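In: One predicted model, sequence on top.
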Amino acid sequence: MTRRDTYDYVIVGGGSAGSVLANRLSADLSTSVLVLEAGRSDVKLDPFIHMPAALPYPIGNKLYDWKYESEPEPFMGGRRVYHARGKVLGGSSSINGMIFQRGNPLDYERWGADPGMESWDYAHCLPYFKRMETCLAGADAWRGGSGPLVMERGPATSPLFGAFFEAVQEAGHPLTDDVNGYRQEGFAPFDRNVHRGRRLSAARAYLHPVKKRPNLTIETLAQVTGLVTEGTRVTGVDYRRAGRGDHRVTAGEVILCGGAINTPQLLLLAGIGPADELRELGIDVVADLPGVGRNLQDHLEVYVQYASKQPVSIGPWLKHRHKPRIGAEWLFLRRGVGATNHFEGGGFIRSNDQVDYPNLMFHFLPIAIRYDGSQPAAEHGYQVHIGPMYSDCRGSVTLKSRDPFEHPALRFNYLSTENDRREWIEMIREARRIMNQPAFAPFNAGELSPGPSVETDQEILDWVAEDAETALHPSCTARLGTDAESVLDPASMRVHGVEGLRVVDASSMPYITNGNIYAPVMMLAEKAADLIAGQTPLAPADVPFYRHRAGDPLYPPGDPRNQEAR
């Protein structure tokens, strides 16, 4: 590390978006770039980061995780919901489930339909998805073939996956070739950020290959404590190194990439946000932007779990006596139980016929287990993770104090709307219908969770309120747009009314997408890199995509299977 006092770009956060921007912006060797990451480095030999199956270990561990917790949720019995966020180089991409979902093309049509957002529709976003991908299942009009992120398709060879894919068809749902391709709706093996038996985080894909560039400096254990402002211009940042020394650097531009929680916290501390709230805390107002910290969106999910009559799940492998073998197989051969994230397949459906495009996502897992590694009583089991993708619940991120080291207050307001509660009921009933199809008969030894005592609509909602966990997709707290509640200029990613400051991360999203949000954040950062560097944006892609209500063919136009489907 060779640190200067002034940089062209200071990137706050070495996570998913920050890794992309550091790579792309430092490609111009005349441009100096500093990345400040509050967490530690993703050391090469750390199995808790790089072994895909070890993902339960960093979650909840202060060495990897910010360990956030919501305020008491009023519609969930007042309980607090734990929120893991990556505090390590690579950010949450170094601790997440490695599931790669772009979202539905109509998500981006929704983005592009807002005033001033025309350049964020599907045609304009697709080229950036393709630029970042190497899809090993095959590049085509929808998928990339030469990008930094290598997409491996889950093998999904367990007999439990076979039963699951049969069961969804028995329940009346289609299979699809690729949930990230022409048609998202349906079920298929999933893409994941696992390559050759290792997690492929944003840091491994984008930062490590270029970290020796002479114009790129990466500092870890460097928590930004404030933005330096002169009037309405941001001129640099203050940060604390390794919990001790305080430093200040000057920047031509500061780019916040801390995510949907850290980014609004820094904006508010700098006096950028709702003026009345800032004054109550004694913070001088730099820009009155009421949308900062508002519009918080997330995906909530539950586990519907079943015991298995046959010894075909991976449950026994989690016993302590097997862990040395799993570790050795992964360390020396990059294969075995440790070399997969196990989220190898699932799908997307509509909860009812009035929904235009899928609003429910299913992850199937050939084991009954929770994110923290705890298991139910049954030794062998299987489960689906399910949750609504477009909940109309909205929350907020607000400051508790002016202390940059105190976590902000997170209020998600899960289950607070009639539509959200209705979708939960529809979803649990449909999940049970799928899991009790004839295809599962050889395995189905009974429902473990929620269990037969949960049957009525109210019992389902009570169980969700008591048992649901976040899918770890907080977003939209400093959104793109041109209306009074927006925070960022869609054409430049600049903060409205503030010079020298941009935001590129999950907080930038105007609406949450259908599926895991890692891929949309990476796409957003790829596109933002061109906007920031003044590059000509990639030309929009004129390719078709499936729209259920338009009666589009199930397969891409010209595919002979469309004749068979008729």
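Out: Okay, I see it. Source: prediction; values computed, not measured. Numbering: from 1, shown residues only.
In: could you pull out the helices for the stretch 351-500 of the chain?
Out: Ranges of helices in the stretch 351-500 of the chain, per DSSP state H, counting those that start in this stretch, are 418-435, 457-467.
In: could those go into a markdown table alongside mean neighbour count?
Out: C-beta here means a position set from N, CA and C on the backbone, and glycine is covered the same way. Output for the helices of the stretch 351-500 of the chain, formatted as a markdown table (neighbours: other C-beta atoms under 10 Å):
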| stretch | mean neighbour count |
| --- | --- |
| helix 418-435 | 19 |
| helix 457-467 | 17 |
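In: Low-confidence regions, this structure specifically.
Out: 1-3, 315-318, 371-378, 565-566 (pLDDT under 70).
In: in the longest strand seen in it, what's buried?
Out: Once the chain is assigned using DSSP state E, the strand that runs over the most residues is strand 245-256. For strand 245-256, burial by neighbour count (16 or more other C-beta atoms under 10 Å) applies to 247, 249, 251, 253-256.
In: Output the contacting helices and strands for that strand.
Out: strand 6-12, strand 222-230, strand 233-241, helix 259-269, strand 501-503 (3 or more C-beta pairs under 8 Å, 6 or more residues apart in numbering; DSSP states H and E).
In: Out of the ones you listed, which gets nearest to H83?
Out: Proximity to H83 (C-beta to C-beta) singles out helix 259-269 among the helices and strands packed on strand 245-256, at 7.6 Å.
In: Now the element after that closest one, going C-ward?
Out: Downstream of helix 259-269, the next assigned helix or strand under DSSP states H and E is strand 272-273.
In: Partner strands of that following strand, with direction?
Out: strand 287-288 (parallel) (DSSP bridges).
In: How far does the strand it pairs with sit from its chain's centre?
Out: 29 Å (C-alpha atoms, centre = their mean, to the nearest Å).
In: do stretch 551-559 as well
Out: Taking mean C-alpha positions (C-alpha atoms, centre = their mean), stretch 551-559 and its chain are 29 Å apart.
In: And stretch 250-268, by the same measure?
Out: Counting by C-alpha atoms, centre = their mean, stretch 250-268 comes out at 18 Å from the chain centroid.
In: re the thing from before, can you redo the helices of the stretch 351-500 of the chain as JSON lines, where the extra columns are distance to A205?
Out: Output for these, formatted as JSON lines (distance: least, C-beta to C-beta, whole Å):
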{"stretch": "helix 418-435", "distance to A205": "33"}
{"stretch": "helix 457-467", "distance to A205": "35"}
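In: who wins for proximity to P442 among the ones you listed?
Out: helix 418-435 (13.2 Å).
In: And the strands in the stretch 451-566 of the chain, which stretches?
Out: Assigned by DSSP state E, counting those that start in this stretch, the stretch 451-566 of the chain shows strands spanning 469-470, 501-503.
In: The shortest one: partners in the sheet, and parallel or antiparallel?
Out: Taking DSSP bridges as the criterion, strand 469-470 pairs within the sheet with strand 300-308 (antiparallel).
In: Which helix or strand lies directly C-terminal to the strand it pairs with?
Out: Toward the C-terminus from strand 300-308 - assigned by DSSP H and E - lies helix 323-333.
In: For that next one, buried residues please.
Out: Those would be 326-327, 329-330, for helix 323-333 by 16+ other C-beta under 10 Å.
In: still on that earlier bit, name the stretch among the strands of the stretch 451-566 of the chain that sits most buried.
Out: Most buried of the strands of the stretch 451-566 of the chain, by mean neighbour count (mean count of other C-beta atoms under 10 Å): strand 501-503, with a mean of 26.
In: That one: how far from the chain's middle?
Out: The chain centre lies 20 Å from the centre of strand 501-503; the measure is C-alpha atoms, centre = their mean.
In: what's next to it, contact-wise?
Out: 227, 234, 253-257, 263, 267, 272, 478, 487-488, 492-495, 528, 532 (C-beta atoms under 8 Å, 6 or more residues apart in numbering).
In: Please indicate which of those residues are buried?
Out: 227, 234, 253-257, 263, 267, 272, 478, 487-488, 493-495, 528, 532.
In: Turn the strands of the stretch 451-566 of the chain into TSV, columns for distance to I512.
Out: Below are those laid out as TSV (distance: least, C-beta to C-beta, whole Å):
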stretch	distance to I512
strand 469-470	12
strand 501-503	16
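In: Looking at these, which is nearest to A139?
Out: Distance to A139, taken as C-beta to C-beta, is lowest for strand 501-503 among these, at 31.0 Å.
In: Count the neighbours of N562 for me.
Out: 14 (other C-beta atoms under 10 Å).
In: From F187, how far out is it?
Out: Remark: distance between N562 and F187 (C-beta to C-beta, to the nearest Å) = 19 Å.
In: which residues in the stretch 1-150 of the chain form strands?
Out: Under the criterion DSSP E, counting those that start in this stretch, strands of the stretch 1-150 of the chain are mapped to 6-12, 33-36, 68-69, 82-83, 133-135, 149-153.
In: Of all those, which one is nearest H322?
Out: Checking those against H322 by C-beta to C-beta gives strand 149-153 as the closest, at 24.1 Å.
In: Run the chain-centre distance for that closest one.
Out: 16 Å.
In: now swap in stretch 247-257 and tell me
Out: So, by C-alpha atoms, centre = their mean, the centroid of stretch 247-257 is 25 Å from its chain's centroid.
In: can you pull the contacts of S32?
Out: S32 is in contact with 4, 6-9, 215, 217, counting by C-beta under 8 Å, 6+ apart.
In: With respect to H173, which of those is nearest?
Out: The shortest approach to H173 among those belongs to Y9, at 46.2 Å (C-beta to C-beta).
In: my guess is that closest one meets G252, correct?
Out: Yes: counting by C-beta atoms under 8 Å, Y9 touches G252, with 6.6 Å between them.
In: and E253, what are its bridge partners?
Out: When assigned by DSSP bridges, E253 has beta-bridge partners Y9.
In: Out of the strands of the stretch 451-566 of the chain, which gets nearest to L29?
Out: Closest to L29 of these is strand 501-503 (C-beta to C-beta; 21.4 Å).
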